[in-house]
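Peer 1: I'll drop the sequence and a predicted model, then ask my questions.
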Amino acid sequence: MSMSKQHRILIASDGSRPAQAALATAVKFPWSASSHARAVIARSSWLPADSEPARAAVEKCFEAAAAAARRALAPRWPESKVVVIDAPPVDAILAEAERFKASLIVLGWRGYGTFRRLLAGSVSRSVAAHAQCPVLVVREAASAVRRFVVGFDGCPNAERALEFLSSLEPGRGSRVVLVNVVVPVSVPASVGRFPSSVRADVHRGAAALNKERYQQGQASVTAGAARLERSGWTAKSEVRVGAPLASLLKAVEEHRADVLVLGARATGGLERALLGSVANGALDRSPVPLLLVR
């Protein structure tokens, strides 16, 4: 079933630079004319009860963040609201997404590396891991949102990523590159101890399997590109051989993509497992906004 074009976009804000980048990028996305947007600000009560001057100063910061969010959204959505919730950020964002029936959550990213990820990137990663809708994570504001690179392996969440893109309204110059990354089967060094006839059979088998995977990947992205073209996109497909994350980041660079799109892999109970290794690596390393779809 195709995804509705009546997008409901929830943007998390706290007044920080990454939050401002998230707001600016959300405004530029090729949403349908019937889309709606809302900003949410989490106002956790972490100050001591007797810190009235400090509390008043923090309250002014939240008011300034709300006003900035309204200004950012007004050109695209004049009637948009800003909701301030007294709750921890992850709880506030996920709860408001449910109330608003959000079809996408947008938020900024401040995590770099292991240590800073634990301190600052935990909100973005937790929301991405537990949200029931796609999540767009923005490190730097996109100057435009026209060129997309999609990591496409044919899994259900990758298929849903195509559905999501098909629900958008691409404008002039909009294009998508579907990239299937084939991880080659390598022959272990221990095979060198086998008789020459056995070694030859093993190498032939590995070559045949790699060829089959490449052909399957090509068929998959070709069909996916055709689907997107029927939705109004200019679409291209390609197959790359190598490590998935490195290959996708290289594609982002070569195609000068504005957004990287991945299907999140739900594989376990921990946040990193909920997203999958490629999605987690992209959160840390993608130079462009990352759209995670499940």
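Peer 2: Yep, it's here. Note that the structure is predicted; figures quoted are calculated from it, not measured.

Peer 1: so what's the residue count around the closest residue to Ile85 other than its chain neighbours?
Peer 2: Excluding the flanking residues, the one nearest Ile85 by CB to CB, 6 or more residues apart in numbering is Ala92, at 4.1 Å. Where you see a C-beta, it was placed from the backbone N, CA and C, and this is true even at glycine. By other CB atoms under 10 Å, the residues close to Ala92 number 21.

Peer 1: now do Ala128
Peer 2: Ala128: 26 surrounding residues under other CB under 10 Å.

Peer 1: same question for Pro53.
Peer 2: Pro53 has 8 nearby residues by other CB under 10 Å.

Peer 1: for it, give its distance to Cys61.
Peer 2: Remark: distance between Pro53 and Cys61 (CB to CB, to the nearest Å) = 13 Å.

Peer 1: go on, Ser196?
Peer 2: Distance, Ser196 to Cys61, using CB to CB: 73 Å.

Peer 1: so if I had to pick from the two, which one is more boxed in?
Peer 2: Just comparing Ser196 and Cys61: by other CB under 10 Å the higher neighbour count belongs to Cys61, 12 against 7.

Peer 1: surely that one is within a helix?
Peer 2: Yes. Counting by DSSP: H, G, I helix; E, B strand; the rest coil, Cys61 falls inside a helix.

Peer 1: how close does Glu59 get to Gly263?
Peer 2: Separation of Glu59 from Gly263 (CB to CB) stands at 40 Å.

Peer 1: same check on Ala131?
Peer 2: 14 Å.

Peer 1: Ala68 contacts Gly15, correct?
Peer 2: Yes. Using CB atoms under 8 Å, Ala68 is in contact with Gly15, at 6.1 Å.

Peer 1: show me the contacts for Gly15.
Peer 2: By CB atoms under 8 Å, 6 or more residues apart in numbering, the contact set of Gly15 is 61-62, 64-65, 68.

Peer 1: out of those, which are buried?
Peer 2: Neighbour counting with 16 or more other CB atoms under 10 Å marks 62, 65, 68 as buried within those.

Peer 1: the last one: which element?
Peer 2: Secondary structure here is read from DSSP states H and E; on that basis Ala68 sits in helix 52-73.

Peer 1: how far out from the middle of the chain is that helix?
Peer 2: Put simply, helix 52-73 sits 28 Å off its chain's centre (CA atoms, centre = their mean, to the nearest Å).

Peer 1: now do stretch 282-292
Peer 2: 6 Å.

Peer 1: and for stretch 94-105?
Peer 2: Here the centre of stretch 94-105 is set off from its chain's centre by 16 Å, with CA atoms, centre = their mean.

Peer 1: go through it and flag the buried ones.
Peer 2: By 16+ other CB under 10 Å, the buried positions in stretch 94-105 come out as 94, 96-97, 100, 102-105.

Peer 1: which of the residues you listed fall within strands?
Peer 2: The strands, defined by DSSP state E, take in 104-105 from the buried residues of stretch 94-105.

Peer 1: now, the most widely separated pair of the buried residues of stretch 94-105?
Peer 2: Leu94 and Ser103 (14.4 Å; CB to CB).

Peer 1: helix or strand next in line after the helix or strand of the chain with the lowest mean pLDDT, which one?
Peer 2: Taking mean pLDDT, DSSP states H and E as the measure, helix 113-119 is the helix or strand of the chain with the lowest mean score, a mean of 42. Per DSSP H and E, helix 113-119 leads on to helix 122-130 as the next helix or strand towards the C-terminus.

Peer 1: the more surrounded of Glu59 and Gly263?
Peer 2: Set Glu59 next to Gly263 and count neighbours by other CB under 10 Å: Gly263 wins out with 27 against 13.

Peer 1: quick check: beta-bridge partners of that one?
Peer 2: Beta-bridge pairing for Gly263 (DSSP bridges): Val293.

Peer 1: low pLDDT regions in the stretch 1-150 of the chain?
Peer 2: Low-confidence segments of the stretch 1-150 of the chain (pLDDT under 70): 1-4, 45-51, 111-121.

Peer 1: no further queries at this time; thank you.
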